[in-house]
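Student: the sequence isn't on hand, but the structure is:
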C-alpha cells in the first residue's frame, strides 16, 4: 500500500455505500472495524490491498470498496418516517426503495413525518455527508400552505431572521403563490436543513403551517408527473451537478469547449449548446 493510495477508513467505506461517515466513525470508536487483523482507529487509512472487517465480516470480499455513485429521488408522502425502523410500527421511507446489492441507501437529510416531497438517497456516503454539511449552504425550496395570509411585516421578519431555540434562522426568499379561503400558499427557500425548521420559522411569527411539501433540493426539482411514492434515479449528469455543488469532483469527463466558427458577418458563433429544462411542482397557482 502506498501513502498516495491510502484514504481514511470512514471515507472509503462511506463511498462504498456501507453507511454515512458519522455512522462509520461510530463503528470505529466502538472497535467494530479491523484492518489486517488489528482494531482500527479513527485516523487509520486503508488502501486497495488492505483487509477490512466489520464485526469479523470481511468487507472487501463481499462488498467492493468502489461502487458507481448512484442517487435516487423519492416523492415522499406525508405519514412516513425517515428512519430504517420505527418502534411504533409506522411506515418508513426505506420500505419503498429498491434494494441494493452489497450496499444500502443513505438518506440525504430528512423530512419530518407530516412533510411530503422530494427526498434524495445515495449509495455514496461521502456524497451524502457533503450534501448535508451546513457549510455547503445548498438551497431547499418548499411549498407551504398556511392558515391565513401573512402581512408584509411578518414576511419581512422571516426574511430578516428570527431566533429559534437552536439559533437564528431565516428564509432566503418568499414567493406568494396564492390561495383560497383561509388557506394561503407560499414558496420559501432556505439554505440549511435543521429539524422542522420551515414550520418553526412560521410558528415564530404566529402563523400555523397546515401543509408542507419540499419541491426542490439544490438543482433537483420535483417533476409534476412523479406521483406520491414514486422513485427514480438521477442521471450521471444530474449526479455530477450535485457533486460539484457539494464540493466534490465530477465523475464524468469534462466536455470539450464548444467549437467556434465564423458567420458570414465575421462574428464568432458557438455551436453545440442547448438548454435543459426541468419540471417541478407549483402549488397554489
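Tutor: Here it is on my side, so go on. Just so we're clear, the structure is a prediction, and the values are computed from it rather than from any experiment.

Student: what is the least confident helix or strand in this protein?
Tutor: Scoring the helices and strands of the chain by mean pLDDT, DSSP states H and E places helix 59-62 at the bottom, with a mean of 53.

Student: distance from stretch 98-109 to the middle of the chain?
Tutor: What separates the centre of stretch 98-109 from the centre of its chain is 13 Å, taken as Cα atoms, centre = their mean, to the nearest Å.

Student: could you check how far residue 194 is from residue 90?
Tutor: 22 Å (Cβ to Cβ, to the nearest Å). For glycine as for every other residue, the C-beta is placed from the backbone atoms N, C-alpha and C.

Student: whoops, residue 5 was the one
Tutor: 45 Å.

Student: residues of stretch 197-214 that come out buried?
Tutor: For stretch 197-214, the neighbour count (16 or more other Cβ atoms under 10 Å) marks 197-202, 204, 207, 209, 212-214 as buried.

Student: of those residues, which belong to helices?
Tutor: When the buried residues of stretch 197-214 are checked against helices (DSSP state H), the matches are 197-202, 204.

Student: and the residue positioned nearest the centre of the chain, how far from residue 226?
Tutor: By Cα atoms, centre = their mean, the chain has its centre lying nearest to residue 108, at 3.6 Å. Distance, residue 108 to residue 226, using Cβ to Cβ: 17 Å.

Student: quick check: end-to-end length of stretch 161-168?
Tutor: Start and end residues of stretch 161-168 are separated by 6 Å (Cα to Cα, to the nearest Å).

Student: for the record, mean pLDDT for that stretch?
Tutor: The pLDDT scores in stretch 161-168 average 96.

Student: what about the nearest residue to residue 233 once chain neighbours are set aside, how many residues nearby?
Tutor: Spatial nearest neighbour of residue 233, chain neighbours left out: residue 72 (5.6 Å); criterion: Cβ to Cβ, 6 or more residues apart in numbering. If you count neighbours by other Cβ atoms under 10 Å, residue 72 ends up with 19.

Student: so residue 72, which state does it fall into?
Tutor: strand (DSSP: H, G, I helix; E, B strand; the rest coil).

Student: surely it is in contact with residue 100?
Tutor: No: with contact defined as Cβ atoms under 8 Å, residue 72 does not count as touching residue 100 (9.3 Å).

Student: can you pull the domain assignment for the protein?
Tutor: 3-62, 71-134+221-245 (automatic domain parsing).

Student: what about the last one, distance to the chain center?
Tutor: In terms of Cα atoms, centre = their mean, the centre of domain 71-134+221-245 is set 7 Å apart from its chain centre.

Student: kindly report the same for stretch 161-179.
Tutor: Its chain's C-alpha centre and that of stretch 161-179 lie 20 Å apart, by Cα atoms, centre = their mean.

Student: neighbouring contacts of that stretch?
Tutor: Applying Cβ atoms under 8 Å, 6 or more residues apart in numbering, the contact partners of stretch 161-179 are 139, 143, 145, 149, 155, 158-160, 184-192, 194-195, 197, 200-201, 204-205, 282-285.

Student: repeat that with 6 Å
Tutor: Outside of stretch 161-179, the residues within contact range by Cβ atoms under 6 Å, 6 or more residues apart in numbering are 155, 158-159, 185-190, 197, 200-201, 204, 284-285.

Student: same check, this time on stretch 185-192
Tutor: With Cβ under 6 Å, 6+ apart as the test, stretch 185-192 has contacts from 134, 137, 139-145, 171-175, 177, 179, 283-284.

Student: PyMOL command to pick out the buried ones of these?
Tutor: Buried members of the contacts of stretch 185-192, defined by 16+ other Cβ under 10 Å, are picked up in PyMOL with:
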select buried, resi 140+141+142+143+144+145+171+174+177+179+283+284
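
Student: which members of the contacts of stretch 185-192 occur in strands, if any?
Tutor: Members of the contacts of stretch 185-192 lying in strands (criterion: DSSP state E): 140-145, 173-175.

Student: can I get these in TSV with pLDDT and distance to residue 166?
Tutor: Formatted as TSV, the ones in strands among the contacts of stretch 185-192 follow (pLDDT from 0 to 100; distance: Cβ to Cβ, whole Å):
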residue	pLDDT	distance to residue 166
140	98	17
141	98	21
142	98	19
143	98	24
144	97	20
145	96	25
173	98	22
174	98	21
175	97	26
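
Student: many thanks, we can stop here.
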